[in-house]
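J.: Sharing a sequence plus its predicted fold:
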Amino acid sequence: NTIDQIIIQSAGNATDFGDLAQAKNGMASTGTPTRAFWLGGYTGGGSPNMTSQIDTINFATAGNCSDFGDMSDQRYMMGTAGNDTRICAAGGYASPSFKNVIDFITIQSKGNGIKFGELLTHEGGVGCSNSTRGIFAGGYDPSSITNIISFITISSFGNASDFGDLTAVRRGLAGTSSSTRAIFAGG
């Protein structure tokens with residue numbers, strides 16, 4: 001459940017920032033200039049072994065996460081996309097199968113995730129975004145790895161649409177983006 005921080009302007013080791021509400025991995029994560037969010041995750045042995053909890057923290061103040069709300073179901077391995085108003089968590093594994101649902105939260109007010117639409121694939125792959133569009137690439141659908149790239153318009157609800165294809169089928173890849181370009185690596 002540890003949250004580490006580094007100061008980007010100077011080299012050095014990470015220091016303790018605070019704690020998540022519970023120990024978990026496989027979370028969806030994203031942030032705005034002022035806040036960080038961690039959605040869902042795998043909590044390990046026992047039942048249930050997944051969570052729907054959404055944690056948030058302010059970058060300006062070290063400390064433990066606070067509860068923002070819950071997603072529509074317990075899952076992990078989602079892709080995320082968002083802007084300064086809305087965050088979308090897409091796909092992921094919810095026992096006993098992968099889901100193609102896209103949830104969203106409104107950053108300015110605490111609350112539960114609400115259905116935004118559906119992905120073209122079932123595992124969210126990796127997500128990237130600019131202020132207008134969210135992109136989800138790769139993943140798992142439901143019996144094979146995929147090369148599908150899909151997109152949503154963050155300000156309006158609806159199902160994802162086809163954007164194109166990755167150069168190869170991949171899952172577990174990483175992505176980053178600017179206001180004009182998304183880049184996907186590994187997998």
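T.: Good, I have the coordinates.

J.: Show me what the worst-scoring helix or strand of the chain on mean pLDDT pairs with in its sheet, parallel or antiparallel.
T.: Using mean pLDDT, DSSP states H and E, strand 140-141 stands out as the lowest-scoring helix or strand of the chain, at a mean of 78. Neighbouring strands of strand 140-141 in its sheet, by DSSP bridges, are strand 144-145 (antiparallel).

J.: so who does T32 touch?
T.: G82, D84, I107 (CB atoms under 8 Å, 6 or more residues apart in numbering). From N, CA and C alone the C-beta is placed, and that goes for glycine too.

J.: From L166, how far out is the second one?
T.: Just to be clear, that refers to D84. D84 sits 28 Å away from L166, going by CB to CB, to the nearest Å.

J.: Not counting sequence-adjacent ones, nearest residue to G125?
T.: In this structure, G125 finds its nearest non-sequential neighbour in G139, 3.3 Å apart by CB to CB, 6 or more residues apart in numbering.

J.: buried sites along stretch 62-74?
T.: Along stretch 62-74, these residues count as buried under the neighbour rule (16 or more other CB atoms under 10 Å): C65, F68, G69, D70, M71, S72, Q74.

J.: Helix, strand, or coil at the last one?
T.: Here Q74 takes the coil state, with states given by DSSP: H, G, I helix; E, B strand; the rest coil.

J.: if I pick it, what's in contact with it?
T.: Residues in contact with Q74 (CB under 8 Å, 6+ apart) are G40, P48, M50, T51, S52, A94, S95.

J.: Apart from its neighbours in sequence, what residue is nearest G164?
T.: Spatial nearest neighbour of G164, excluding adjacent residues (CB to CB, 6+ apart): I149 at 4.9 Å.

J.: So in that sheet, which strands flank whichever strand or helix holds the one you found, and in what orientation?
T.: Assessed by DSSP states H and E, I149 sits inside strand 148-153. Strand 148-153 has its sheet partners listed here by DSSP bridges as strand 133-137 (antiparallel), strand 161-165 (antiparallel).

J.: would you list these in a markdown table and tack on mean neighbour count, distance to G172 and mean pLDDT?
T.: A markdown table is the format used below for these (neighbours: other CB atoms under 10 Å; distance: least, CB to CB, whole Å; pLDDT from 0 to 100):
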| stretch | mean neighbour count | distance to G172 | mean pLDDT |
| --- | --- | --- | --- |
| strand 133-137 | 26 | 12 | 95 |
| strand 161-165 | 12 | 17 | 95 |
